[in-house]
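Visitor: Generate coordinates for the sequence data below:
(one chain, ligands or ions: 2)
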Amino acid sequence: MSKSLQAIRGMNDILPEQTPLWRYFEGTVARLLDNYGYKQIRMPIVEFTELFKRSIGEVTDIVEKEMYTFDDRNGDSLTLRPEGTAACVRAVLEHGITGGGQVQKLWYIGPMFRHERPQKGRYRQFHQIGLEVFNLDGPDIDAELIIMTWRLWGELGIRDAVKLELNSLGTSESRGRYREALVEYLTAHHDKLDEDSQRRLKSNPLRVLDTKNAETQAVLVDAPKMADYLDDESRAHFEGLKARLDAVGIPYVLNPKLVRGLDYYSKTVFEWVTDKLGAQGTVCAGGRYDGLVEQMGGKPTPGVGFAMGIERLVLMLETLEQIPQEISRQVDVYLCAFGEEAELAGLALAERVRDQLPNLRLQVNAGAGSFKSQFKKADKSGALYALILGDDEMAQQVVGFKPLRGQGEQQSIAWDALAAHLATCVVQG
Ligand code: ATP
Ligand code: MG
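Guide: Numbers count the residues shown, from 1 in each chain. Ligands and ions are numbered 1, 2, ... in the order given. Down below sits the predicted model:
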């Protein structure tokens, strides 16, 4: 195939054999979010570049080197969204739905775009489910976000494979004081820092904390700790969060180096990490961003949220073999008809059955074919039962009902009784 007809590197097709698992995952999350009282919001995939520069921060990895930015035909600089929080904040401000302290508990799902080096668990188009809560400033809502994800891991059967890491970044004032102390310390050890960290020391010093470089890590052992600079308010908030996690029995580890990549976090930050996916170990990450809405031109509005990476979580379900059996079967019943008359009767019969059993997954054979070939297709479809309409059945106004998996003889069922019969033997989702 010529190159121009291939998908862009790092942007993947999700093939029909993979979509059942995606839909199971997405459906499970959506149901959970509904049950906790979150409402879905849908934002455009493209926004003005300025939005991301202003919210994510100019000196972050995302804005510095990962964005897909282009001029449109009017000469406006647009960017494919690299994350969802910026657009969500833009949307709530634009529509005034957080005004007057209105609480909003929102979630979204969709593709995000970052120009990174593609590898397992890291792509250029990837998918997130994200959630943002506005106008609640207490630790109770931070706890709810974490409790909800904990329940999700339980439902998905991956709870034992993930670990919660927590930190508090304090208010912007206490973070400012900490930043000064950190810069002073790191400047004194400037020559032992790797090149990236030397650069970050000037632009975004807190990010030096999550360096992967061993020598820099050694320097960091004796560096000042954020925990010692926390103001009373942030300290109380963090204690409140931990008390709630303890009450529910959710284990966590404190990670003072957890700073997250984006500029806008304050107080709580957290990540759910796993060692099952190699280097791409973070499956869900988030935190509080009380200053962001104001920074983007709104009234001071507390906010907290997280995003999870769908590819990484789907990979985990596969790796840990937590794929529910029922999602692999997509057909309950397969109808085979032989001859034109039977085909017409079969079509009408199928529609009558669908009227009565709207959740039945009934597939009608298309493309005619011999008894043998239709039967083969019925079997391959994964259906539990085949329905057979041939000359004999037509004469008696019945349909042959044949179990395809396991025991049971073929029976004849009257057309009028078919829906009732199917209702008793097919468990409907
Ligand atoms: P990482 O440290 O792995 O680069 P990040 O801090 O850049 O992650 P966030 O911006 O917090 O990631 O995004 C939230 C989640 O989205 C991540 O925890 C991860 O599960 C997922 N994610 C982020 N970038 C990618 C990517 N390029 N490909 C696949 N999933 C991703
Ligand atoms: Mg990243």
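
Visitor: C-alpha only now, for contacts and for neighbours.
Guide: Fine.

Visitor: Which residues of the stretch 51-200 of the chain lie near ligand 1?
Guide: Contact residues (CA under 6 Å from any ligand atom) of the stretch 51-200 of the chain with ligand 1: R114, G121, R122, Y123, R124, F126, Q128.

Visitor: From those residues, list the buried ones, please.
Guide: Taking 16 or more other CA atoms under 10 Å as the criterion, what is buried in these is R114, G121, R122, Y123, R124, F126, Q128.

Visitor: so can I have a markdown table of the residues you listed showing pLDDT and secondary structure?
Guide: Converted to a markdown table, these look like this (pLDDT from 0 to 100; DSSP: H, G, I helix; E, B strand; the rest coil):
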| residue | pLDDT | secondary structure |
| --- | --- | --- |
| R114 | 98 | coil |
| G121 | 95 | coil |
| R122 | 96 | strand |
| Y123 | 98 | coil |
| R124 | 98 | coil |
| F126 | 98 | strand |
| Q128 | 98 | strand |
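
Visitor: ok, then the element right after the helix or strand containing R90?
Guide: Assigned by DSSP states H and E, R90 belongs to helix 85-94. As assigned by DSSP H and E, the chain's next helix or strand after helix 85-94 is strand 104-113.

Visitor: List the buried residues for that following strand?
Guide: Along strand 104-113, these residues count as buried under the neighbour rule (16+ other CA under 10 Å): Q104, K105, L106, W107, Y108, I109, G110, P111, M112, F113.

Visitor: Give me the spatial nearest neighbour of the residue of the stretch 1-150 of the chain found nearest ligand 1, chain neighbours excluded.
Guide: Closest residue of the stretch 1-150 of the chain to ligand 1, CA to the nearest ligand atom: R122 (3.4 Å). Using CA to CA, 6 or more residues apart in numbering and skipping residues adjacent in sequence, the residue nearest R122 is Q280, 6.9 Å away.

Visitor: tally of neighbours for that neighbour?
Guide: For Q280, the count of nearby residues is 15 (other CA atoms under 10 Å).

Visitor: what pLDDT does it get?
Guide: Q280 is assigned 86 on the pLDDT scale.

Visitor: so who does it touch?
Guide: By CA atoms under 8 Å, 6 or more residues apart in numbering, the contact list for Q280 reads K120, G121, R122, R312.

Visitor: Tell me the residues of the stretch 201-350 of the chain that contact ligand 1?
Guide: With CA under 6 Å from any ligand atom as the criterion, the stretch 201-350 of the chain comes near ligand 1 at residues R260, G261, Q280, T282, V283, C284, A285, A307, M308, G309, R312.

Visitor: try 5 Å this time
Guide: Residues of the stretch 201-350 of the chain lying near ligand 1 by CA under 5 Å from any ligand atom: T282, V283, C284, A285, A307, M308, G309.

Visitor: could you dump those residues to JSON lines with secondary structure and neighbour count?
Guide: Putting those into JSON lines (DSSP: H, G, I helix; E, B strand; the rest coil; neighbours: other CA atoms under 10 Å) gives the following:
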{"residue": "T282", "secondary structure": "strand", "neighbour count": "21"}
{"residue": "V283", "secondary structure": "strand", "neighbour count": "22"}
{"residue": "C284", "secondary structure": "strand", "neighbour count": "24"}
{"residue": "A285", "secondary structure": "strand", "neighbour count": "20"}
{"residue": "A307", "secondary structure": "strand", "neighbour count": "23"}
{"residue": "M308", "secondary structure": "strand", "neighbour count": "21"}
{"residue": "G309", "secondary structure": "strand", "neighbour count": "20"}
